[in-house]
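I'll drop the sequence and a predicted model, then ask my questions.
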Amino acid sequence: MRRRTGAVGTLIALAAIVPLADPAHAQDLDCGDFTYQEDAQAFFDTDRSDPHRLDEDPGPDDGVACEALPRRGLASSAFRPAPSAPAAGPAPG
């Protein structure tokens, strides 16, 4: 009798837990979830219907996401160090 009561109690506990396990919903992102405009733009470009409203600036949609975010700036490949002076050799003498 105790076994049956324990099994029924376990089933009731499981039945109470299962409805709480909802499927995961897609995360709603906004501009605050991105550090740089380029990252937001790359995400925006995956779904141009803009369900997350990343093209938030006033006026008509222009296809540019999160314009208020900072940009990464110049690419590192655009940086050109100043040419160094040739090494001085021994003085002619």
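Arrived safely. Numbers count the residues shown, from 1 in each chain.

low-scoring stretches of the chain, by residue?
1-7, 9-26, 74-93 (pLDDT under 70).

give me that answer again for 50
14, 18-25, 76-80 (pLDDT under 50).

hey, where'd the helices end up in it?
2-17, 37-46 (DSSP state H).

what's around Q37, how many residues?
20 (other C-beta atoms under 10 Å). Where you see a C-beta, it was placed from the backbone N, CA and C, and this is true even at glycine.

and the gap between the closest residue in space to D61 that isn't next to it in sequence and F43?
Sequence neighbours aside, D55 is the residue nearest to D61 in space, at 4.7 Å (criterion: C-beta to C-beta, 6 or more residues apart in numbering). If you measure D55 against F43 using C-beta to C-beta, to the nearest Å, the figure is 12 Å.

So between these two, which is more surrounded?
Neighbours were counted for D55 and for F43 using other C-beta under 10 Å; D55 has more, 19 against 16.

any idea how far the more buried one is from G73?
From D55 to G73 the distance is 22 Å (C-beta to C-beta).

go on, C31?
Distance from C31 to G73, by C-beta to C-beta: 18 Å.

Which one of the two is surrounded by more residues?
C31 (17 against 8).

Hmm, A68 and that one touching each other?
Yes: counting by C-beta atoms under 8 Å, C31 does reach A68; the two are 6.8 Å apart.

what do D55 and F43 both touch?
A65 (C-beta atoms under 8 Å, 6 or more residues apart in numbering).

so who does D30 touch?
Taking C-beta under 8 Å, 6+ apart, one finds 52-54, 56 in contact with D30.

what about 6 Å?
If you count contacts by C-beta atoms under 6 Å, 6 or more residues apart in numbering, D30 has none.
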